[in-house]
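sequence and predicted structure are below.
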Amino acid sequence: MSAPAFLTLDGVGKDYGTVTAVRAVSLTVAPGEFLGLLGPSGCGKTTTLQMIAGFETPSRGHVLMEGRDLAGIPPAKRGIGLVFQSYALFPHMTAAENVAFGLEMRGVPKAERAKRVAEALAQVRLGHLADRFPRNMSGGQQQRVALARALVFEPRLLLLDEPLSNLDAKLREEMQVELRALQRRIGVTTVLVTHDQAEAMALCDRVAIMQGGRVVQIDAPWQAYDIPADAFVADFLGRSNRLPARAASGEAEAAGHRFSLPPELADRHGEILLTIRPERLRIRCERTAESAPGLDGRVQARLFLGGFWLYTVETALGAFAVVAQNTGATPLDEGAAVTLDWDAHSLRRLEPA
Amino acid sequence: MTRLDRLTPALLTAPSALVYAGALLVPLAGVLALSLHGFDFQDGILPGWNLANYRDLLTDPLFGEALARTFRIAALTTLICLLIGVPEAWIIHRMDPRWRGPMLLIVVGPLLVSVVVRNFGWMVLLGTNGLVNQAMTALHMPGAPFRLMFTELAVVIGLVHVMVPLVVLSVWASLGRLDPVLERAAISLGAGRFTIFTRIVLPNVMPGVLAGALMVFCLSASAFATPAMLGGKRLKVVSSMTYNEFLNTLNWPLGAALATVLMAAILLATLLWTRLVEKRALRRLGEVARGGPA
Amino acid sequence: MSRNGPLALAFHALFLAFILAPLLVVIAVSFTGQGYLALPFEGLSLRWWRAIGENPRFLESFWYSVRLGVTAATLSALIAVPAALAIARWRFPGRGTLVAILASPLMIPHVVLGVALLRFFSGFGLSGSFAGLVAAHIIVITPYMLRLVGAGLSGLDPRIERAAESLGADRFTVFRRVTLPLIAPGLAGGWILAFVTSFDELTVSLFLASPAANPLPVQLFNYIDQMTDPLVASVSAALILVTALVLLVLDRFYPIDRLLTGERRA
């Protein structure tokens, strides 16, 4: 077994009257790990974060940090660094004063405070804005001040509540890279709440996908992406294509089209729900004589996404999303006749909804 | 912009502008003019302009006393209103939303009751045999029953009662603009309740506090009903002196001079306050924080 | 929001007691069976309440104040609404000055106003008349009307009016069918606040009153000046109760804090 868990949630749940926001969440976070709580709005991820921070009291279950139950310990005493969605910088204080606040509350003497504040601001590359007020800073700068403020007193745990959602797309990408690098450098255990699956997959060591107040799957991002636990996860993480079929003796059949099943599904019989990622589908314009039999279709729409093309292809088995890398070659036209094929081991099985 | 467009604002604002010009600006100018005339009990208002009234006032020890009393009462009232009004606004702000509305209603509602009625209530409470003295006597306070009515103390109590809801409202408006997440951020950084109030909340509601303070000071300095009812005829403030000259002595020019001095004092206080205190205190919050009703 | 500690709640209770004390005392004393003001008293009775009906002066003053308030508030609305519209929708030269002047009565001591208007109106023979009082009250209450209508307008997205125009409505129709209904809450709140302010106004009225023009606060003030018998208490108590009723009704439609600060309705 790996190192003892730093943070443990044991059957943690929260009810508001008759409404259950969080059913029972059990998970562990290793020291230094970057965990994501990912899910659509209303899934309970923010409530869970608030319970870890201590702003909400669990209706059941326990939150343990380094083996110690946090119940009864007020948020001010938990030593947790929080970054809020709206940054919550104190408008009447400069960046430096904002960052110094946590140190002040801990009775750190003035000289040492100044030193540590300077270091913290340098760490987020904002040393030159120390005396500026939040209203005179851009969103990205405010966000970094909020980070510095949460990190300066060396918290044992860092909680991020959708910290990047107020930034525009380009800035968000840049901040994601910085955030990941910063966390790696400092090594603080971090929990991030986000509804953005791309962000969660990019930043986190492991992702806990939540739906309806429950954790549906908790895995490293690429594992959850490759082997989704259910249809919800398959659809939520990236894009996926549904393929209902009938299985028999290692083969599947749908709408008159036959294709092989991967070895792990070889002994399946009867109705089966398969899924395949758009980037695992190969698309070609013409059918060569000796190429594997493919699925014929027509390009219904295409989207240019910079690094790749996203085609929607109408076939006898329904509409497929296909991702093709942008090699600089001429893209396929809308309305073009195409053939799709794939490797059998790219198929995954899903529990029917 | 069409010609009609250019004309429209003028047409829309004309009625109010005319009413104000006729019923406010001209009369006020008239007061200033009147104050520059002499007065004689036999002949009434004398022709000829001079500053005699102002000279008389500024050398009159009774006027000096009344002026000092006016500002003393106003300053004391403002101080007490701030000391109890600001925390009260914060306390209501932190209440369960169910209670907030009714509580605010109770605190602010009396503003809609006439000052005459409220002061009458204090007259009953503060009389020699009033409830307050009865309580004092029952508690065996040395010196009870006290003479509370017709003292400066009574006037201050009455004024605080009238003015403190205004401070609560002013601070409340500022509190409404305060980002609620700030409190959580401060907690997550380890701040206790008192620190949050003094280091986070108070600096950010300063605009409301300062605006409220100025309003209370000016209204208290110019108050008439409360000093008249609770202070009596012997405790003179500038407004009651003005009333007296105008309606009893009928020395209108002197009354007009008194009114002008009162007006000037209020304007001066406002200017000084805005320039010195507000500008300095609000530097940290920037002009945005001074937002108010349209 | 976090809860208040016991110290805070105790402070709050004392504060409320302070605020309500004079009002409750007045109501209590109004039920005395005795002929003089004393608390506590012996003998609960409604005699002083009945006395209101038997005392024509107070009733007359009451209705006079009502007529005065309704007239002043309505006329104030008629001049304030167009002005508020102009201020909210157009940037014209002198706008800032106009706003300051229209709000100025809030900063002018009522004694000064009373002096100025008594002097000015005497010249026209308006002193001691209904018209004079109406004019004076309009000056006093219009700032409140402006503030509330202005707040209502600022909460109104101008693009809604532009949409109406783009659909073919002329300016006047836009005002009648779109703007007016949407600012109605602010307008109603402003009218009520203006009315109450006029009804309660003492100082300015004192300067312009006469035996024929006698609003209720003036009547009460003079009565208290000369004698204090429980009739004042019952009249005052009646006023408190009516105000409380108006407050409760008002609060249903327009939260009281927004009413008095002029903030936009959330």
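Now that the structure is in, tell me what you want to look at.

in the host helix or strand of residue C:72, what's buried?
Using DSSP states H and E, residue C:72 sits in helix C:56-89. For helix C:56-89, a neighbour-count test (16 or more other CB atoms under 10 Å in any protein chain shown) marks C:58, C:61-62, C:64-65, C:68-69, C:71-73, C:75-77, C:79-89 as buried. Backbone N, C-alpha and C define where each C-beta goes, glycine included.

right, is whichever helix or strand comes after it up against chain B?
The helix or strand immediately downstream of helix C:56-89 is helix C:95-103, counting by DSSP H and E. Yes - applying CB under 8 Å from any CB of the partner chain, one finds helix C:95-103 touching chain B at C:95, C:98, C:101-102.

how about residues contacting helix C:95-103?
B:9, B:13, B:16-17, B:20, B:24-25, C:83, C:87, C:142-143, C:146-147 (CB atoms under 8 Å, 6 or more residues apart in numbering or on different chains).

one more: stretch A:312-329?
With CB under 8 Å, 6+ apart, stretch A:312-329 has contacts from A:239-243, A:254-257, A:277-279, A:281, A:283, A:295-302, A:304, A:306-311, A:331, A:338, A:340.

same thing but at 6 Å, please
A:239, A:241, A:254-255, A:278-279, A:281, A:283, A:295, A:297-301, A:307-311 (CB atoms under 6 Å, 6 or more residues apart in numbering or on different chains).

let me see the mean pLDDT of it.
For stretch A:312-329, the mean pLDDT works out to 90.

drop anything exposed from the contacts of stretch A:312-329.
A:241, A:254, A:278-279, A:281, A:283, A:295, A:297, A:299, A:308-311.

just those residues: which are in helices?
Using DSSP state H, no member of the buried ones among the contacts of stretch A:312-329 sits in helices.

got any ranges where chain C has weak pLDDT?
Along chain C, segments meeting pLDDT under 70 span C:1-2, C:254-266.

and the stretch 101-250 of chain C, which residues reach chain A?
Counting by CB under 6 Å from any CB of the partner chain, no position of the stretch 101-250 of chain C is adjacent to chain A.

quick one: residues contacting whatever residue of the stretch 101-250 of chain C ends up closest to chain B.
Of the residues in the stretch 101-250 of chain C, the one nearest chain B is residue C:109, at a distance of 3.0 Å by CB to the nearest CB. For residue C:109, the contact set (CB under 6 Å, 6+ apart) comprises B:222, B:262.

ends of stretch A:118-137, how far apart?
Separation of the first and last residues of stretch A:118-137 by CA to CA, to the nearest Å is 18 Å.

angles on the backbone of residue B:45, please.
phi -70, psi 120 (degrees, to the nearest 10).

so what pLDDT did it get?
As predicted, residue B:45 sits at a pLDDT of 76.

ok so, going back, what's the ChimeraX line that selects buried ones from the residues of helix C:95-103 next to chain B?
The following ChimeraX line selects those of those that are buried, judged by 16+ other CB under 10 Å:
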select /C:98,101,102
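
who in the stretch 101-250 of chain A is up against chain B?
Within the stretch 101-250 of chain A, the positions near chain B by CB under 6 Å from any CB are A:101-102, A:105, A:135.

and which of those is nearest to chain C?
Nearest to chain C, judged by CB to the nearest CB, of those is residue A:105 at 16.6 Å.

for the residue in the stretch 151-300 of chain A positioned nearest to chain B, which non-adjacent residue is closest in space?
The nearest approach of the stretch 151-300 of chain A to chain B comes at residue A:153, 7.6 Å away (CB to the nearest CB). Leaving aside its sequence neighbours, residue A:153 sits nearest to residue A:102 (CB to CB, 6 or more residues apart in numbering or on different chains; 4.3 Å).

what residues of the helix or strand where residue C:13 lies count as buried?
Using DSSP H and E, the element containing residue C:13 is helix C:6-29. By neighbour count with 16+ other CB under 10 Å, helix C:6-29 contains the buried residues C:8, C:11-12, C:15, C:18-23, C:25-29.

who's in contact with that helix?
B:88, B:91, B:107, B:110, B:118, B:121-122, B:124-125, C:37, C:39, C:233, C:236-237, C:240.

over to stretch A:123-134?
Contacts to stretch A:123-134, defined as CB under 6 Å, 6+ apart, come from residues A:89, A:91, A:94-96, A:121, A:142, A:144, A:147-148.

got those as JSON lines, with pLDDT columns?
Shown next, in JSON lines, are the contacts of stretch A:123-134 (pLDDT from 0 to 100):
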{"residue": "A:89", "pLDDT": "91"}
{"residue": "A:91", "pLDDT": "88"}
{"residue": "A:94", "pLDDT": "93"}
{"residue": "A:95", "pLDDT": "95"}
{"residue": "A:96", "pLDDT": "95"}
{"residue": "A:121", "pLDDT": "95"}
{"residue": "A:142", "pLDDT": "94"}
{"residue": "A:144", "pLDDT": "93"}
{"residue": "A:147", "pLDDT": "93"}
{"residue": "A:148", "pLDDT": "94"}
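
give me the number of residues near the closest residue to residue B:233 other than its chain neighbours?
In space, and not counting its chain neighbours, residue B:233 is closest to residue B:240: 7.9 Å by CB to CB, 6+ apart. Using other CB atoms under 10 Å in any protein chain shown, the number of residues around residue B:240 comes to 22.

tell me where the chain has helices.
Picked chain A for this. Along chain A, the stretches classed as helices by DSSP H are A:45-53, A:95-105, A:110-123, A:139-151, A:169-186, A:197-203, A:221-226, A:231-236.

looking at chain C here, not the other one
Under DSSP H, chain C gives helices at C:6-29, C:47-54, C:56-89, C:95-103, C:110-124, C:130-154, C:158-166, C:171-174, C:180-200, C:203-208, C:216-226, C:230-253, C:256-261.

using CSV, lay out those helices together with distance to residue B:144.
Formatted as CSV, the helices of chain C follow (distance: least, CB to CB, whole Å):
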stretch, distance to residue B:144
helix C:6-29, 18
helix C:47-54, 29
helix C:56-89, 36
helix C:95-103, 47
helix C:110-124, 36
helix C:130-154, 41
helix C:158-166, 64
helix C:171-174, 68
helix C:180-200, 34
helix C:203-208, 34
helix C:216-226, 26
helix C:230-253, 25
helix C:256-261, 38
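
returning to what we had before: nearest to chain A among the buried residues of helix C:6-29?
Set against chain A, the nearest of those by CB to the nearest CB is residue C:8 (17.1 Å).

chain B contacts on the stretch 51-200 of chain C?
Within the stretch 51-200 of chain C, the positions near chain B by CB under 6 Å from any CB are C:79, C:82-83, C:85-86, C:90, C:92, C:101, C:109, C:111-112, C:115-117, C:119-120, C:135, C:139, C:147, C:150-151, C:154, C:196, C:200.
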